[in-house]
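A.B. asks: Give the three-dimensional model of this entry:
(2 chains)
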There are 2 protein chains.
Amino acid sequence: MFSVEEYKIRMNKTKQKMLEYGMEVLVLSNPSNMCYLTGYDAWSFYVHQVVIVFVDEEEPLWIGRGMDARGAELTTWMSKPNILYYPDDYVQSTIKHPMDFVAAELEYRGKGSRKIGIEMDTFYYTAKSHERLEVGMPEAELKDAGGLVNWVRAYKSEAEISYMRNAAKIVENAMQAAYDKVGVGVRENEVAAAISHAQIYGSDVFGGDYTSMVPMIPTGKYTASPHLNWTDKKYREGDALTIEIAGCYKRYHVPMARTVCIGQIPDYVREAGKVITDGIQETLAIMKPGITAEEVNSAWSRAIARHGYEKNSRIGYSIGMSYPPDWGEHTVSFREGDRTILEPNMTFHLMPGLWFDEFGVAITESVLVTDTGIEKFTSFDQQIYEKPVV
Amino acid sequence: MFSVEEYKIRMNKTKQKMLEYGMEVLVLSNPSNMCYLTGYDAWSFYVHQVVIVFVDEEEPLWIGRGMDARGAELTTWMSKPNILYYPDDYVQSTIKHPMDFVAAELEYRGKGSRKIGIEMDTFYYTAKSHERLEVGMPEAELKDAGGLVNWVRAYKSEAEISYMRNAAKIVENAMQAAYDKVGVGVRENEVAAAISHAQIYGSDVFGGDYTSMVPMIPTGKYTASPHLNWTDKKYREGDALTIEIAGCYKRYHVPMARTVCIGQIPDYVREAGKVITDGIQETLAIMKPGITAEEVNSAWSRAIARHGYEKNSRIGYSIGMSYPPDWGEHTVSFREGDRTILEPNMTFHLMPGLWFDEFGVAITESVLVTDTGIEKFTSFDQQIYEKPVV
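C.D. replies: Numbering: from 1, shown residues only, chains lettered A, B, ... in the order given. Reported below is the predicted structural model:
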């Protein structure tokens, strides 16, 4: 997907961090980190698989299921001898575990008593995976390398930014598809279907990838529960809904949320929308290299406090490459206590919202930090959309 | 989603198994198991969340993120005091972990020194989750309850089977949508978009849910790497592709795979297709209560061995409710060594295929075990589909 040179730069940055953290071997289970370093991209993370980086070897190792090894040969920059696989009776067995195979391979290569980084809190590195590595390499010193590669990923290359620009076009198309489809008598799932079609269709020039989260389109009182999925209920006049979706191009995401009223927008909703769009403008205005993540959060808090509002969840996070079930990078969060310093080529989803008893308003922007400030990835109208009732 | 009576039956079966395994408390992280026992259904499994069953209490506990607690109130049969949440600064933090909160709550309730089942190898129970529970409850005896609820789920109720019948209609519609869309000059992602739209649209009577895996539609030599995702390349005359998809209704899946040739089907492909469809017929004919999972595998092996073929990965698995990234139930596998005895109301995806150097043929059936044999969920034509070149 990227040039071999780019992968080698990524590998070198990873090795630099390994030395910083005191690690000679790094066992990666996070599909985003695996893909970031090797190019391996497949829906195979439902079985155990790893990419292993050695601080003193040029190429990493890929170890996965037999039927996926050929995919690793086809999609990575790695040479065939570095692509290994475990037999199929290791798949979802209560007797054999793929990490037994991984540990044995590391022992065989004389790496079993090294300082080995593992990703303690990543989705697909289970408690059992860890147990099997500990049992299989009793001399190893296993250390948490949770965010190691994630932090390398936080700073995007020009090639990555160009992928995100494609993702931005896709999310604009998908939001427009939702606006076009939603209306009185339409079922919620039909809006989700239209969004999904637009996401995967992409544009006439490039195709879309699947997004790491499905469309989240709660209506009415359900907007206060933003992760409930669609139903097959029909929309009625007066319904308000939030639409949180992303565009995805070759695993790079650009998320966006907007709010829709079916029929006339009530005054108090319109006012809430204005508080948010003003707050976004004020917040984006202070974002630039040197500002910390918690200062971004403070700017937002100040802006809405003037109108008597407060928000107690984080208002944004780092974005880029990702696999289900999340499109966040799990590094930076815009919240109190996060002292990360913004730097050029970081990318974020600024995700503010206001929540009432009967519904919520969410309006968000994905942004790139430039040398002097930020640049929005999309130019989609922020206003609450009033869908005419015909 | 289901009647409270049905949830209570599920709870009782779970408690029976807990006693069998010697467990007083069961901490569930698998979203399918959480939903199965409580009805909780949301795309919130990208943060840590649990359902906790106490062998001596009627209702379980739900613990998750604050913004998801309201969703738990709306979608479960549980009473509000049993729905707890951790503060938002526990989300993706390197300092605070949601399992610290869970352990403290169990300690507070006097359960901290009990025999506690945890799901060691489930996707969202990370090594860190386990570490935090161990640190937070030093007196507890933590025991692996990996497949406990999964095995309860293996036997379906009539209500669950009716959900799967809806899923079956959806997968037939989605496969037809793929057949209609595929063709010379069409991009792979456009076929994926058509499938996804059909999956979520469902039928005019009921809406579709998202599937736990995205459409897998490898073409040509990529069919030997079944989990690689679509590209935006255009199909050409002579391309052959396998389409592996599911229909999903309220999290219940019915998967199906078929094979398509664009233009005339080569003779050797047609012959491979016949070997598979004959083999399926022979295998389905022996499936009935009392037969073991490995006998199903043997029947398939015998059938294709007569034509000189062998397959070295499992040829099927248990299906039902599931969440990304897998639609298998992680219990029964049709392979050598699996001694599970088939019983009425078990449901399986029989997943055979043959793989050649330049492409593969996959034709599959989802089935319900009845009192006397099996019943196919779908009646979609098994033959390799020849898409006319216009």
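
A.B. asks: List the buried residues for the helix ranked longest in chain A?
C.D. replies: In chain A, ranked by residue count with DSSP state H as the criterion, the top helix is helix A:158-181. Of the residues in helix A:158-181, those buried under the neighbour-count criterion (16 or more other C-beta atoms under 10 Å in any protein chain shown) are A:160-161, A:163-164, A:166-175, A:177-179, A:181. Using the backbone N, CA and C atoms, a C-beta is placed for each residue, glycine as well.

A.B. asks: now swap in stretch A:216-224 and tell me
C.D. replies: By neighbour count, and taking 16+ other C-beta under 10 Å as the criterion, the buried residues in stretch A:216-224 are A:216-220, A:222-224.

A.B. asks: Just the strands from the stretch 251-390 of chain A, written as ranges.
C.D. replies: For the stretch 251-390 of chain A, the strands identified by DSSP state E, counting those that start in this stretch occupy A:252-262, A:316-319, A:328-333, A:347-350, A:353-355, A:360-362, A:365-369, A:374-376, A:385-387, in order along the chain.

A.B. asks: Partner strands of the fifth one, with direction?
C.D. replies: Taking DSSP bridges as the criterion, strand A:353-355 pairs within the sheet with strand A:360-362 (antiparallel).

A.B. asks: worst average pLDDT in the strands of the stretch 251-390 of chain A?
C.D. replies: When those are compared on mean pLDDT, strand A:353-355 scores lowest, with a mean of 83.

A.B. asks: which residues are in contact with it?
C.D. replies: Contacting residues not belonging to strand A:353-355 are listed as A:223-224, A:242, A:257, A:272, A:275-276, A:304, A:309, A:311, A:360-364 [C-beta atoms under 8 Å, 6 or more residues apart in numbering or on different chains].

A.B. asks: repeat that with 7 Å
C.D. replies: Residues outside strand A:353-355 that contact it (C-beta atoms under 7 Å, 6 or more residues apart in numbering or on different chains) are A:224, A:272, A:275-276, A:309, A:360-362.

A.B. asks: Taking the residues you listed, tell me the two that lie furthest apart.
C.D. replies: Using C-beta to C-beta, the pair of the contacts of strand A:353-355 lying farthest apart is A:Ala224 and A:Val275, separated by 17.3 Å.

A.B. asks: And A:His48, what's its pLDDT?
C.D. replies: A:His48 is given a pLDDT of 97.

A.B. asks: Count the residues that sit near the nearest residue to it once chain neighbours are set aside.
C.D. replies: Leaving aside its chain neighbours, A:His48 sits nearest to A:Pro98 (3.8 Å; criterion: C-beta to C-beta, 6 or more residues apart in numbering or on different chains). Residues lying near A:Pro98 (other C-beta atoms under 10 Å in any protein chain shown) number 24.

A.B. asks: pLDDT below threshold where in the stretch 151-300 of chain A?
C.D. replies: Counting by pLDDT under 70, not a single residue of the stretch 151-300 of chain A qualifies.

A.B. asks: Within range of chain B, give me the residues from it.
C.D. replies: Contact residues of the stretch 151-300 of chain A with respect to chain B, defined by C-beta under 7 Å from any C-beta of the partner chain, are listed as A:187, A:189-190, A:192-193, A:196-197, A:200-202, A:206-208, A:210, A:213-214, A:216, A:224-229, A:231-232.

A.B. asks: Point out the ones among the residues you listed that are inside helices.
C.D. replies: Applying DSSP H to these, the entries found in helices are A:189-190, A:192-193, A:196-197, A:200-201.

A.B. asks: Just the buried residues from those, in PyMOL please.
C.D. replies: The buried subset of these, as determined by 16+ other C-beta under 10 Å, is captured in PyMOL by this line:
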select buried, chain A and resi 189+190+192+193+196+197+200+201
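
A.B. asks: can you name the two of the ones in helices among the residues of the stretch 151-300 of chain A next to chain B that are farthest apart?
C.D. replies: For these, the maximum inter-member distance is 18.0 Å, found between A:Asn189 and A:Tyr201 (C-beta to C-beta).

A.B. asks: how about the helices in chain A?
C.D. replies: The residue ranges that make up the helices of chain A, judged by DSSP H, are A:4-21, A:31-38, A:66-75, A:98-108, A:127-136, A:148-153, A:158-181, A:188-201, A:267-286, A:293-305.

A.B. asks: Can you spell out which helices and strands pack onto the longest helix of chain A?
C.D. replies: Contact here means 3 or more C-beta pairs under 7 Å, 6 or more residues apart in numbering or on different chains; DSSP states H and E; on that basis helix A:158-181 packs against helix A:188-201, strand A:240-249, strand A:252-262.
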